[in-house]
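Enquirer: Have a look at this fold, sequence not included:
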């Protein structure tokens, strides 16, 4: 049976440096069985496509960890796997993204990525303030970013995204404005910008518990977000999702798959899939992931079939992140239920709080709602 899965995510868990805020599934690169890991990921992809076949992929996204931490030989080995398994399902229109660390992306690696069809880069910049970069555990500095972006353009990349984080320890509004100023000077096509979240099992979490982490006030965090929205708009970047901004036509098609509550493959240690109505979680620890595939051909630790109630909740929880919001018409077409029959209480409450509004047959966040997005999303998880 052919199902409609249009997106594939592949996880490379290796990093040369662990950032103080990061809670993604990752391990230090040194002395890791990289090629063996990639070989087993190849088996996972082959078996998954056999079990859950699809006709065409519209997006491929390689994240981490740090995918570009692989050396050229390892990188080419990995790109060959994608070429053999996934690119037969893609076309010239497929968005093919690699996350990249500004500190370890040589021109040779850039040319290799281009050779294998990668057409979009996402740079983990976080800030252009060198003092802050050191404080958050990043090894690159501002000049590394500027050089990497120039090299990427020279190698032929015309779709480049920059990731930023605000409300960092010791960061003030002036520092954030300066980061935005430098960011806009790079003339890239896309930005993702998130406020810092302190996650358990991170360096920052341990510092916070000891009272040694100086974070901006909530008021300053909100001010930075309002500055972000206004500056992006004035520089020609459309806010199409709470934390994402792009030049027209350069929205992240891959991430829109998630926010549109559509199905996707997830390959690699700690990756998650949504296929055939099932949400599947892969083993996170490297040895467990590899052992699971060797034993059964699949790395899953959990498979849950999503029922109708959960699907409708996720449609709101995820879809309201988009600036356009949730289509009332599409909701009914998708679930054969009127959205007000299911969520009238929550919708009316959020409209009364001026966090939600109805516009052109869409339910969407107000500007105030964007500042309190998590409060709105949680209201629909009943």
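Expert: Everything's here; your move. Small disclaimer: the values here were computed from a predicted structure and weren't measured. Numbers count the residues shown, from 1 in each chain.

Enquirer: hang on, isn't residue 186 packed against residue 153?
Expert: No: using CB atoms under 8 Å, residue 186 makes no contact with residue 153, being 9.3 Å away. (C-beta placed from N, C-alpha, C; glycine too.)

Enquirer: Tell me the residues that contact both of those two, please.
Expert: Overlap of the contact sets of residue 186 and residue 153 (by CB atoms under 8 Å, 6 or more residues apart in numbering) consists of residue 160.

Enquirer: Residue 349 belongs to a helix, doesn't it?
Expert: Yes: counting by DSSP: H, G, I helix; E, B strand; the rest coil, residue 349 is located in a helix.

Enquirer: if I pick the residue lying closest to it once chain neighbours are set aside, what's in contact with it?
Expert: Once flanking residues are discounted, residue 349 sits nearest to residue 379: 6.8 Å by CB to CB, 6 or more residues apart in numbering. By CB under 8 Å, 6+ apart, the contact set of residue 379 is 346, 349, 350.

Enquirer: ok, now residue 87?
Expert: 60, 94, 117.

Enquirer: just to revisit the earlier point, just the pLDDT at the residue nearest to residue 349, thanks.
Expert: Residue 379 is assigned a pLDDT of 94 by the prediction.

Enquirer: Need the three-state assignment for the residue nearest to the spatial centre of the chain.
Expert: The centroid of the chain falls nearest to residue 255 when counting by CA atoms, centre = their mean (6.3 Å). Classification of residue 255 by three-state DSSP places it in helix.

Enquirer: Report the separation between it and residue 321.
Expert: 9 Å (CB to CB, to the nearest Å).

Enquirer: quick one: common contacting residues for these two?
Expert: residue 241.

Enquirer: Tell me the helices and strands packed up against the host helix or strand of residue 96.
Expert: Here residue 96, judged by DSSP states H and E, is contained in strand 95-100. Under the contact definition 3 or more CB pairs under 8 Å, 6 or more residues apart in numbering; DSSP states H and E, strand 95-100 sits against strand 59-64, strand 120-126, helix 253-259.

Enquirer: Which of these has the highest mean neighbour count?
Expert: Highest mean neighbour count among those (mean count of other CB atoms under 10 Å): strand 120-126, with a mean of 25.

Enquirer: for the following helix or strand past it, the distance to its chain's centre please.
Expert: Next in sequence after strand 120-126, counting helices and strands by DSSP H and E, comes helix 130-135. Its chain's average C-alpha position is 23 Å from that of helix 130-135, according to CA atoms, centre = their mean, to the nearest Å.

Enquirer: about what we covered before: for the contacts of residue 87, which one is nearest residue 288?
Expert: If you rank these by distance to residue 288 using CB to CB, residue 60 comes first, at 25.1 Å.

Enquirer: Surely that closest one touches residue 82?
Expert: Yes: between residue 60 and residue 82 a contact is recorded at 6.7 Å, counting by CB under 8 Å.

Enquirer: Which residues are in contact with each of those two?
Expert: By CB under 8 Å, 6+ apart, the residues touching both residue 60 and residue 82 are residue 10.

Enquirer: returning to that earlier point: I'd like the helices and strands packed on strand 95-100 written out as JSON lines, with distance to residue 302 and mean pLDDT added.
Expert: Formatted as JSON lines, the helices and strands packed on strand 95-100 follow (distance: least, CB to CB, whole Å; pLDDT from 0 to 100):
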{"stretch": "strand 59-64", "distance to residue 302": "20", "mean pLDDT": "96"}
{"stretch": "strand 120-126", "distance to residue 302": "28", "mean pLDDT": "95"}
{"stretch": "helix 253-259", "distance to residue 302": "18", "mean pLDDT": "97"}
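
Enquirer: Quick one: closest of these to residue 234.
Expert: strand 120-126 (20.3 Å).

Enquirer: That closest one packs against which elements?
Expert: strand 95-100, helix 142-154, strand 160-166.

Enquirer: The first one: partners in the sheet, and parallel or antiparallel?
Expert: Within its sheet, strand 95-100 is paired with strand 59-64 (parallel), strand 120-126 (parallel), according to DSSP bridges.

Enquirer: Give me the residues contacting that strand.
Expert: 58-64, 66-68, 90, 113, 117-124, 148, 152, 159, 161, 252-254.

Enquirer: repeat that for 7 Å
Expert: If you take CB atoms under 7 Å, 6 or more residues apart in numbering as the criterion, strand 95-100 is touched by 58-64, 67-68, 113, 117-124, 253-254.

Enquirer: And for stretch 218-227?
Expert: Contacts of stretch 218-227 (CB under 7 Å, 6+ apart): 166, 167, 173, 176, 177, 195, 371.

Enquirer: How far away from the center of its chain is that stretch?
Expert: 22 Å.

Enquirer: Which residues belonging to it are considered buried?
Expert: For stretch 218-227, a neighbour-count test (16 or more other CB atoms under 10 Å) marks 220, 221, 223, 224, 225 as buried.

Enquirer: which residues does residue 188 contact?
Expert: 149, 160, 161, 162.
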